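**Q** sequence unknown, structure follows:
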C-alpha cells in the first residue's frame, strides 16, 4: 500500500482580550477556537495520520519567536508554543488547559509572517503534500498592512494554503443580527469598523491565494466528525484482455470500501503495556503430557467422520494460476446483472495506464461502446499469482471530466442462498384500493430524499448523500475513546453528539412535509388491536386430562396433534431431535426433519420418506395402510413444491408408477388418480419444466392403463380369501 500524503499545518490562535468577550450565557470565540482545535487534533490522532502540526499564539504576555530578535518593535506578543510535529495527547491537553486569554492584542499579520517563517524553516528537507496556515481570530485587534504583499508572495512561493476560522466574510454580514447556526456562539452582531478592515484585508489574501474562510459554527460542524487517515491509492496494474488479440494496460483503484474501526489491543490493566502480556497455547492428548504442535493436524468433519487434512494437502488443493488475470469472458445486458448479485466488500474503478495514449483511446472506445449498447462485460478476475479466480462485471461510468470502468464481484452458484416464502394469494379482500395506492404514492413522493433545489453547479441536491454522511457507530466510538483518553478517571461517558443523533432521525423538513400524507395513510389503513390469548404450558397441557374431565369442545390436544404443529409433548421431549424417518410415524418424522433450523435436511428426509411410502404400499394387507401412504405422498408433494425441489418428486413419482404396475398395486395408483396426485407442474413451482398439460396427461395415461373388468378384481379377492 502506498504511503499517505502528509500535511504541515500551522495553527495561529488569537488569545487577545477581545477573543474572550461574549454576552452572558454564550461561549466566547476563544473557547470555540479551542474546541475546534481539539476536534482537529483528535481527528488526526485517531486516524493515525502522519501530518505534523505547529501551534502559534498571538496576544500572550511574553514573546517567543525567531523573528522577534531581528526587529525589537515587530512580532511582539507572539509565541511559538509548539514546533512542527505529530499531534499527541500532550498537545491536546495543552490546548484544553494552558491556552488562556492574554493581556494584550497582537498584530495577526505579524503572526501570519511568523507562521510562514516557521513553515519555510521546519519543512525544509521534508516531503509534504500540503502546507497550510489556519488563523483562529475574530479580527477585532489592530494590525498593520505594510507586509501584506510579502505575505501573499510568501504563500505563493511556499505553495501554502490559508484558512480563516472565526469570522464569516460573506458580503451580507454587515446587516448583523443573524443568529448562530447551532447556538454554539453568541448571536452574530454587526462587525466593528476594526473587524471590517481586518475582514477586507483577509478577503484580499484569500482571493489571491485561493483560501477559504469559515465561521465558528461552520468549523465546529465540520470538525465534529472523525475521519480515517487518507491513504494514497496504490493502483493494481493489469492487462485487460478482450479476446486473443486485444490487450489494454489499465490501472485499478479502490473506489468504495467498507470502513472499519481499528482493532483494540490487549494490554495489561495496570501497566497499559502490551509487552507485559504473554500468551501461550498448549495441545494435550486426553489431559496427558503436552503434545508438540508438529504432532497436530487439521481435521474436517465429513458426516460423522473426521477427515485429516495436512498442509501439503491444502497446498495441492489450491488453484494454481500463473499470474494475475483480467480477461473478458463475454458480454451481457446491464439489466441481466441484478442488484442482489453484487458481491465483495469494495468497488474498483479502472482507467488506462498513465501516459499511455493508445491505451486511453482503446479503453475510451470500450467504455463508450458498453454505455451506448447498455451492456456490461463479464471478466475473470485473479488478483495475483495463486489467488483464487473470481468472476466480476465491468460497468461503464462516464462523467464530464473523466470516464472509467467500475468493477464489482459476482457470485458463484455456491454463494447463492435460496429461500422459499409463502406465496401471496391476492383476493378481493387483500387487494389494495385505488385510494390506498394513491396514499402510499403520495407518502413516497413527499419523503423523497432528492431535494427540489439545485446547487450552484446545477446539480440536484439530496439528503443523506453517502460522501457527506458519516457512520454514527464510528463517530460515537471515537467520541467515547477521546473522552476516556482525556478523562481516564471519569466513570461517565459523554452523551452522543447532537449531529450524530440527527443522522438517526428522519429529516425534520421531510417529516413536516409528509405529515398530511401520514394522516391520510393512517385513515386509509385502519388498524385494530387483536389480542390473542396465549396458552400456558402447564402439566395439564403436557400430560392431558381424561376424556370425561371436560366437555369435548375443551379437550386438550392429543400428542399427535401437538406434534403436527410443533407443540410441546412428553413424547417429543423424550424422543429428542429427529434424525430419521421411521416406519411408525413417518409423516411426523418427515415434518420434524424438514422444519429443523440448524441444518437443511429436506433432501435426506424426502429420500427416506419415499422409501417408507414404497414399503407401506407394498407391505399393506389389501388397502389397509393405503390412507397412511397417501397422506405421506401428498405431504411430500406439497413440501417439494414449496421448497423448490419439484424435480426430485417428479423423478420419484415416475419410478413409483412403474413399481406399482410391476408389483400388482394398481389399486393404489387408482387412488392416486382419484386424489389427483400427479407431477408438479411449472405453474406450481417455477423450478421445473413440466407443463400443466404433461401433468394431466400423466394421469390420463394411468387411467387408460389401469382399466380392467371389475369381475377380475372380485375374483382375485375371493381367491385370496380362499387361500387364507
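**A** Structure received. Owing to the predicted nature of the structure, the values given are computational and were not obtained by experimental measurement.
**Q** Mind listing what's buried along stretch 65-80?
**A** By neighbour count with 16 or more other Cβ atoms under 10 Å, stretch 65-80 contains the buried residues 65, 67-68, 74-80. All C-beta spots, glycine's among them, are computed from the backbone N, C-alpha and C.
**Q** Reformat those into CSV and put pLDDT and distance to residue 204 next to each item.
**A** Listed next are the buried residues of stretch 65-80 as CSV, based on pLDDT from 0 to 100; distance: Cβ to Cβ, whole Å:
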residue, pLDDT, distance to residue 204
65, 90, 24
67, 87, 23
68, 82, 26
74, 79, 21
75, 86, 22
76, 89, 24
77, 90, 24
78, 92, 22
79, 93, 27
80, 93, 26
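**Q** Need these in CSV (columns: secondary structure).
**A** Putting the buried residues of stretch 65-80 into CSV (DSSP: H, G, I helix; E, B strand; the rest coil) gives the following:
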residue, secondary structure
65, coil
67, coil
68, coil
74, coil
75, coil
76, coil
77, coil
78, strand
79, strand
80, strand
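**Q** What is the nearest of those residues to residue 94?
**A** Nearest to residue 94 among the buried residues of stretch 65-80 is residue 79, at 12.0 Å by Cβ to Cβ.
**Q** Tell me which residues touch the closest one, please.
**A** Counting by Cβ atoms under 8 Å, 6 or more residues apart in numbering, residue 79 makes contact with 56-58, 60, 62-65.
**Q** for the buried residues of stretch 65-80, which one is nearest residue 668?
**A** When the buried residues of stretch 65-80 are ranked by distance to residue 668 (Cβ to Cβ), residue 80 comes first, at 99.6 Å.
**Q** For that closest one, list the residues it contacts.
**A** Neighbours of residue 80 in contact, by Cβ under 8 Å, 6+ apart: 54-56, 64-66, 114, 118.
**Q** before we move on, back to that, residue 673: which of the contacts of residue 79 is nearest?
**A** If you rank those by distance to residue 673 using Cβ to Cβ, residue 56 comes first, at 96.5 Å.
**Q** how about the helix or strand encompassing that closest one: buried residues?
**A** When secondary structure is defined by DSSP states H and E, residue 56 falls within strand 52-58. The neighbour-count check on strand 52-58 (16+ other Cβ under 10 Å) flags 52-58 as buried.
**Q** Distance to residue 409 added to the buried residues of stretch 65-80, as JSON lines?
**A** Compiled in JSON lines, the buried residues of stretch 65-80 are given as follows (distance: Cβ to Cβ, whole Å):
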{"residue": "65", "distance to residue 409": "56"}
{"residue": "67", "distance to residue 409": "58"}
{"residue": "68", "distance to residue 409": "61"}
{"residue": "74", "distance to residue 409": "63"}
{"residue": "75", "distance to residue 409": "59"}
{"residue": "76", "distance to residue 409": "63"}
{"residue": "77", "distance to residue 409": "61"}
{"residue": "78", "distance to residue 409": "56"}
{"residue": "79", "distance to residue 409": "55"}
{"residue": "80", "distance to residue 409": "52"}
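**Q** and of these, the nearest to residue 596?
**A** Taking Cβ to Cβ as the measure, residue 596 lies nearest residue 80 of those, at 71.7 Å.
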